[in-house]
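Enquirer: sequence and predicted model, in that order:
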Amino acid sequence: MNKKLRIPHLGNGAAFSSLLLTFVSFVTMLISMIISKLLSVNFSLYEYGTYSQVVLVSTTVTSITSLGLGNATNYFYNKSQNTEEQQKYVSTLIIIEEVVGFICALLIALFRGQIADYFCNQEVKNLLIIVAFMPLLSHLITTYQNLFVSIGRAKTIAVRNLFVSTVRLISVLIASYAIHDVKVILIVLLGLDLVQFIYFSFVFQEYKFKISIKYFSPELINLILKFSVPLSIYVISGNLNNDIDKYVVGFFADTDTLAIYTNSSKRLPFDVITTSFITVLIPIMTRLLNNQKLSEAKELFSSYLRLGCIVSLICGGGCIAFSDRILILLYDEKYLPGLSVFIIYLVIEMIRFANVTIILSATGQTKIMMFTSVAVLGCNLVFNVIAYKLIGLYGPAIVTLILSIVSTCVLLHFGARTLKCSAVSLFNIKDILIIGAQAVGLGIAMNIALNYVESYVKLPLIATMVILIIYGVVLLALNYKTWKAYILNINRYK
């Protein structure tokens, strides 16, 4: 008797909100990948390298000036149920972000000449004027997104992300084919960020309360920074750890090589599901831990990690099996010299879901996060340079992989200790071995099938996409009961 494969009813629990964000995140990530493809194909390595240098500076400055305030929003908003106290906390947080953001924009404008000299590319100088205010807007948008999730308005975030990504795609299409100017792309991105901030500020006022300087509370600054600064050092170090290899390559190599390395090391949407779950689970986990419900917190966190394992093994296994074809599909043949870097970063993406601080940040253990990240950053600074000198382009990527594994294990250890359990007990080793074996076996079989199909059908990109879809559907079907159980368990929490 054949049984129909039924999607579990999710209602309005954590899994429902998470999967809603996941769907929209997947669409926006797909749009982002299309944008990368357009830029890679329509701009030369030098033009794309210049664009990458400017974006790299913007993301680095965004990380350095975050002060951990975006993540601190969840902690302080959910700490109190009193609306007046919440309003003071949030207003103080946002005003601190605005002051720091304006100072940051001024510094970028003042030192843009020196930054251009570092990259030996004077075209960067004028483009930095455009991105000077992007870090400020990025912080404000992140803070508002966290607030909307905390008040149960995940749908608002989902719709906004989908709309903005669509407009971004249209803008890049115009800039790539009609205008062919990187400057136009950056101006449009800045404009979209500004519109998002204005939209969020008005809508949040309607849903909850007004954020204004009159609610700014100087006496809260010390309390907020005492929590957020250690967290910010963790965030800053973490983001610099992600970018330090690009700075090393940018310093020692030319602009074309940096373009190849940037695309080869670009994040893929393996964690699109797990990231959406984390976004929704942070306030829930914070409440559980604040109320000392350790067994429930452990069960929820374990379900997240086990679901993350399934997603990573399926996505990572498929991408590694067809890595050369996927690199061409995502970017262009001129980026194939970075294939080894691409494969190394696929492995990094596979473990990224476990490198989360949801337990430590929810319990205020930000110093552990800070010391771990700073230690990894120090190692990155030293060993990336050494590895590049010894191995070349692949050296920084290998160092990033090793240090990612080490930092993930350390954070999992301390998170598990908080939950009074072992890190190993949070995972299902049997599931990992079974699904891992399935991924390897099916990946080999599908690769053989793809080579056979390509010998008759001269449509390699379409053939690759079809084989990848078949690969994913088969593995999801084989493990349907497993991932369904984890989703239903997560959905019990609201």
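Expert: Nice, I can see it.
Enquirer: any weak-confidence spans in the stretch 101-250 of the chain?
Expert: 152-157, 231 (pLDDT under 70).
Enquirer: please, where are all the helices along it?
Expert: Counting by DSSP state H, counting those that start in this stretch, one finds helices in the stretch 101-250 of the chain at the ranges 112-119, 123-131, 134-150, 154-173, 182-207, 221-252.
Enquirer: which one of those is the most hemmed in?
Expert: helix 134-150 (a mean of 23; mean count of other C-beta atoms under 10 Å). (Glycine included, C-beta is placed from N, CA and C.)
Enquirer: relative to helix 154-173, how tilted is it?
Expert: 150 degrees (axes from the mean of the first three to the mean of the last three C-alpha atoms, to 10 degrees).
Enquirer: which other helices and strands contact helix 134-150?
Expert: Packing partners of helix 134-150 (3 or more C-beta pairs under 8 Å, 6 or more residues apart in numbering; DSSP states H and E): helix 45-64, helix 69-79, helix 83-110, helix 154-173, helix 182-207, helix 272-290.
Enquirer: redo the ones you listed as CSV? Include distance to Glu296.
Expert: Formatted as CSV, the helices and strands packed on helix 134-150 follow (distance: least, C-beta to C-beta, whole Å):
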stretch, distance to Glu296
helix 45-64, 33
helix 69-79, 16
helix 83-110, 24
helix 154-173, 21
helix 182-207, 28
helix 272-290, 5
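Enquirer: could the helices of the stretch 101-250 of the chain go into JSON lines alongside distance to Leu336?
Expert: Output for the helices of the stretch 101-250 of the chain, formatted as JSON lines (distance: least, C-beta to C-beta, whole Å):
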{"stretch": "helix 112-119", "distance to Leu336": "24"}
{"stretch": "helix 123-131", "distance to Leu336": "26"}
{"stretch": "helix 134-150", "distance to Leu336": "31"}
{"stretch": "helix 154-173", "distance to Leu336": "23"}
{"stretch": "helix 182-207", "distance to Leu336": "23"}
{"stretch": "helix 221-252", "distance to Leu336": "17"}
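Enquirer: closest to Asn479 out of these?
Expert: Asn479 lies closest to helix 154-173 among the helices of the stretch 101-250 of the chain, at 26.3 Å (C-beta to C-beta).
Enquirer: and that closest one, what does it pack onto?
Expert: Using 3+ C-beta pairs under 8 Å, 6+ apart, helix 154-173 is in contact with helix 14-42, helix 134-150, helix 182-207.
Enquirer: thinking again about what came up before, between the helices and strands packed on helix 134-150, which gets nearest to Asn241?
Expert: helix 45-64 (9.9 Å).
Enquirer: average pLDDT across the closest one?
Expert: Averaging pLDDT along helix 45-64 yields 84.
Enquirer: list the buried ones in it?
Expert: 45, 47-64 (16 or more other C-beta atoms under 10 Å).
Enquirer: the inter-axis angle of it versus helix 134-150?
Expert: Using the same axes, to 10 degrees: helix 45-64 against helix 134-150 is 60 degrees.
Enquirer: which residues touch helix 45-64?
Expert: By C-beta atoms under 8 Å, 6 or more residues apart in numbering, the residues outside helix 45-64 that reach it are 39-40, 43, 104, 108, 115, 119, 121, 123-124, 127-128, 130-131, 134-135, 138-139, 182, 185-186, 235-236, 238-240, 243, 246-247, 250, 254-260, 262-263, 334.
Enquirer: and for stretch 408-425?
Expert: Under C-beta under 8 Å, 6+ apart, the answer for stretch 408-425 is 289, 294, 297-298, 301-302, 351, 354-360, 363, 365, 368-369, 372, 426.
Enquirer: mind redoing it with 10 Å?
Expert: 234, 289, 294-295, 297-299, 301-302, 305, 348, 351-363, 365, 368-369, 371-373, 375-376, 426-427 (C-beta atoms under 10 Å, 6 or more residues apart in numbering).
Enquirer: low-scoring stretches of the stretch 351-494 of the chain, by residue?
Expert: 355-356, 459, 494.
Enquirer: what about 80?
Expert: 353-358, 361-367, 369-370, 453-462, 464, 491-494 (pLDDT under 80).
Enquirer: Val99: neighbouring residues, count only.
Expert: 11 (other C-beta atoms under 10 Å).
Enquirer: what's the answer for Trp483, then?
Expert: With other C-beta under 10 Å as criterion, Trp483 counts 20.
Enquirer: next, it: phi, psi?
Expert: Dihedral angles of Trp483 (phi, psi; degrees, to the nearest 10) stand at phi -70, psi -30.
Enquirer: and it, what does it touch?
Expert: 8, 273, 306-307, 309-311, 314, 431, 435, 476.
Enquirer: now it: how far from Thr92?
Expert: According to C-beta to C-beta, to the nearest Å, Trp483 and Thr92 sit 41 Å apart.
Enquirer: what of Asn263?
Expert: On the measure of C-beta to C-beta, Asn263 and Thr92 end up 40 Å apart.
Enquirer: and the buried ones among the contacts of Trp483, selectable in PyMOL?
Expert: Buried residues within the contacts of Trp483, by 16+ other C-beta under 10 Å, are selected in PyMOL with:
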select buried, resi 273+306+307+309+310+311+314+431+435
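Enquirer: pick out the lowest-pLDDT one from the contacts of Trp483.
Expert: Pro8 (46).
Enquirer: dump the helices and strands packed on helix 154-173 into a markdown table; add distance to Tyr77 as well.
Expert: Below are the helices and strands packed on helix 154-173 laid out as a markdown table (distance: least, C-beta to C-beta, whole Å):
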| stretch | distance to Tyr77 |
| --- | --- |
| helix 14-42 | 17 |
| helix 134-150 | 5 |
| helix 182-207 | 11 |
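Enquirer: wait, isn't Asn242 in contact with Asn384?
Expert: No - if you go by C-beta atoms under 10 Å, Asn242 and Asn384 don't touch, sitting 11.8 Å apart.
Enquirer: which neighbours do these two share?
Expert: The contact lists of Asn242 and Asn384 share Thr400, where a contact means C-beta under 10 Å, 6+ apart.
Enquirer: go through stretch 448-457 and flag the buried ones.
Expert: By neighbour count on 16+ other C-beta under 10 Å, the buried set for stretch 448-457 is 450, 453.
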